[in-house]
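Student: Quick one, fold the following:
(4 chains)
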Number of protein chains: 2
Amino acid sequence: MLNHSESLDRVFQALADGTRRDIVERLVSGPASVSQLAQPLAMSLPAVMQHLQVLEACGLVRSEKVGRVRTCRIEPQVLRMAEEWIARRRTSWEQRLDRLDDLLAEKPSEQGSTS
Amino acid sequence: MLNHSESLDRVFQALADGTRRDIVERLVSGPASVSQLAQPLAMSLPAVMQHLQVLEACGLVRSEKVGRVRTCRIEPQVLRMAEEWIARRRTSWEQRLDRLDDLLAEKPSEQGSTS
DNA sequence: CCAACAGTCAAGCGACTGCTTAAGTGTTTG
DNA sequence: CAAACACTTAAGCAGTCGCTTGACTGTTGG
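Tutor: This is a model prediction of the structure:
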């Protein structure tokens, strides 16, 4: 099994900041330039750039510069990877609970003995 | 709309560390004591405790002490919350792409007009 | 009782984060 | 060409993170 550990580190780290989640939120409704992304945010442009670098470094966002304008768009594969990591653990947990329920339903009053 | 922003900060921050994801991984297969969790990890017991505190602070893990042993178990609601945050953004993005495809398929060579 | 056990508290340390300001670079526009 | 524009780079700084060691608390088992 491949270990995406470092990649997961970066994605979850990227999503662990409200400003960066705001940027992702904005980008799911379509591409935007750096200053369009910065406009509603209460911080300097370099700060926004740094957030964008974090988002690009983990592959959540891709950007392209044309003339003097950099256009950013979201890249959903990495989003899906993070989602699936969580989903697998959650379903794994739920299946364990189901098996436990089955055992308890099948043998409601047995205790220490084996067979 | 409720703002779970701080809560999401904490969960994603918690998941942004490989050791903590290992602990979550271990706990989805059933409850464990602190030293059971620490045993495969290449670090001191206090370090493991600190990771557990992070996991408890964001609600991913709950623990209970009986005698001298603290038993930890996973708490899947917060896991689901994080999963859903991602899922909503991803599907939102996919729906936008679908609408875009529809428009392009319907009017393959039109430009400015409405209706 | 006392020793081993399971966990906890506290201080400290180097690395990393999220910002800032100041000074750039390259690209239009008048 | 010169000024406005849209970023970009670099330095610096306060605060947080992940970890360590050392000392300590409470709980069993012989």
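Student: near chain B, which residues of chain A?
Tutor: Proximity of chain A to chain B, by Cβ under 8 Å from any Cβ of the partner chain, involves residues A:5-6, A:8-9, A:12-13, A:15-18, A:21, A:24-25, A:28-30, A:74, A:76, A:79-80, A:82-83, A:85-87, A:89-90, A:92-94, A:96. Glycine gets a C-beta too; all of them are placed from N, C-alpha and C.
Student: Now which of those would you call buried?
Tutor: Listed as buried from those are A:8-9, A:12-13, A:15-17, A:21, A:24, A:28, A:74, A:76, A:79, A:82-83, A:85-87, A:89-90, A:93; burial here means 16 or more other Cβ atoms under 10 Å in any protein chain shown.
Student: In helices, which of those appear?
Tutor: A:8-9, A:12-13, A:15, A:21, A:24, A:28, A:76, A:79, A:82-83, A:85-87, A:89-90, A:93 (DSSP state H).
Student: was I right about residue A:33 contacting residue A:72?
Tutor: Yes - between residue A:33 and residue A:72 there is a contact under Cβ atoms under 8 Å: 7.3 Å.
Student: More neighbours: the two, which one.
Tutor: residue A:72 (21 against 16; other Cβ atoms under 10 Å in any protein chain shown).
Student: can you list the weak-confidence ranges in chain A?
Tutor: In the predicted model, chain A carries pLDDT under 70 at residues A:1-3, A:106-115.
Student: got the residues of it near DNA strand D?
Tutor: Applying Cβ under 7 Å from any atom of the strand, we find that chain A lies next to DNA strand D at A:33-36, A:45-46, A:49, A:65, A:68-70.
Student: If any of the residues you listed are buried, give me the ChimeraX selection for them.
Tutor: Restricted to buried positions by 16+ other Cβ under 10 Å, the ChimeraX selection for these reads:
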select /A:33,34,70
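Student: For the residues of chain A next to DNA strand D, give me TSV that also has secondary structure and distance to residue B:59.
Tutor: Shown next, in TSV, are the residues of chain A next to DNA strand D (DSSP: H, G, I helix; E, B strand; the rest coil; distance: Cβ to Cβ, whole Å):
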residue	secondary structure	distance to residue B:59
A:33	strand	37
A:34	helix	35
A:35	helix	37
A:36	helix	35
A:45	helix	35
A:46	helix	34
A:49	helix	33
A:65	strand	41
A:68	coil	45
A:69	strand	42
A:70	strand	38
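Student: Look up how far residue A:34 lies from the closest residue to residue A:65 other than its chain neighbours.
Tutor: Excluding its sequence neighbours, the residue lying closest to residue A:65 (Cβ to Cβ, 6 or more residues apart in numbering or on different chains) is residue A:71, at 7.7 Å. With distances taken as Cβ to Cβ, to the nearest Å, residue A:71 is found 8 Å from residue A:34.
Student: What of residue A:72?
Tutor: Taking Cβ to Cβ as the measure, residue A:72 falls 7 Å from residue A:34.
Student: what touches both of those two?
Tutor: Common contact partners of residue A:72 and residue A:34 (Cβ atoms under 8 Å, 6 or more residues apart in numbering or on different chains): residue A:52.
Student: helices or strands up against the helix or strand harbouring the residue nearest to residue A:65?
Tutor: Taking DSSP states H and E as the criterion, residue A:71 maps to strand A:69-74. In terms of contact count using 3 or more Cβ pairs under 8 Å, 6 or more residues apart in numbering or on different chains; DSSP states H and E, strand A:69-74 is assigned the packing partners helix A:18-28, strand A:32-33, helix A:34-38, strand A:61-66.
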